[in-house]
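**Student:** What shape does this take:
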Amino acid sequence: MKNAVIYIHGKGGNVEEAEHYKKFFSDKYEVIGFDYKSEFPWEAKVEFPKFFDSITPQYCEISLIANSIGAYYSMLALADKSIKKAMFISPIVDMEKLILNMMARANVSEEELYKEKVIATSFGESLSWEYLSYVRNHPITWNISTNILYAGNDKITSLETMKNFANKIGANMMVMNNGEHWFHTEEQMTFLDNWFKKFI
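**Tutor:** Numbering: from 1, shown residues only. So this is what the prediction gives:
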């Protein structure tokens, strides 16, 4: 029986990204890209466990690679699943803080958001009272062995927030000082690959 590695992309990513990670595993492993449709955490809470449970019987062990919001959805929806190890790349670890930062940037108060329910911003994101409320009512609890790759120039999550989260869950964390939230340049991908080889 083989082992499985599930790859979960971030916003704007795709299932084909899983191909990049196949080179790190022997033929005893199957790398599976999860082509999820969820756009909200409450959707992920249903879709992610359903997918995980559908493949679990076919494999001995399952590991996880997740990017950005894909990591957030995974922690929200798969915390009680039997996962050997998680490798998170630029994970979103404090969604409430991220939303509050976007509200401040858009000059939107909680009272306004509560009244309007959904407010479109000039920077392309919609603020949602339902989303904020859900995040507050469903804090992350994650006890799976985890390694985190963080970019020093990440504009979504601060270094302090990531460090606090890593300490809280006992995760190993590596920082690429001049990296970006989206690892994509040749230099960034080389750094990512070296990190991955070291900790997988």
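
**Student:** for the most centrally placed residue in the chain, what are its contacts?
**Tutor:** Note on the chain: the residue nearest the mean C-alpha position is residue 71, at 1.6 Å, using C-alpha atoms, centre = their mean. Residues near residue 71 by C-beta atoms under 8 Å, 6 or more residues apart in numbering: 8, 10, 86, 88-93. Using the backbone N, CA and C atoms, a C-beta is placed for each residue, glycine as well.

**Student:** Inside strands: which ones of the residues you listed?
**Tutor:** 8, 86, 88-89 (DSSP state E).

**Student:** out of these, who's nearest residue 152?
**Tutor:** residue 89 (13.9 Å; C-beta to C-beta).

**Student:** ok, that closest one - how many residues close by?
**Tutor:** 24 (other C-beta atoms under 10 Å).

**Student:** OK, contacts around it?
**Tutor:** Contacts for residue 89 (C-beta under 8 Å, 6+ apart) come out as 65-68, 71, 149, 183, 192.

**Student:** Strands of this structure, start to end?
**Tutor:** Secondary structure of the chain (DSSP E): strands at 3-8, 29-33, 62-67, 86-89, 118-120, 126-128, 146-151, 172-176.

**Student:** right, and the ones you listed - which one's nearest residue 98?
**Tutor:** Closest approach to residue 98 among these (C-beta to C-beta): strand 126-128, 11.0 Å.

**Student:** next one: that closest one to chain centre, how far?
**Tutor:** In this view, strand 126-128 has its centroid 19 Å away from the chain centroid, taken as C-alpha atoms, centre = their mean, to the nearest Å.

**Student:** List the buried residues of that strand.
**Tutor:** 127-128 (16 or more other C-beta atoms under 10 Å).
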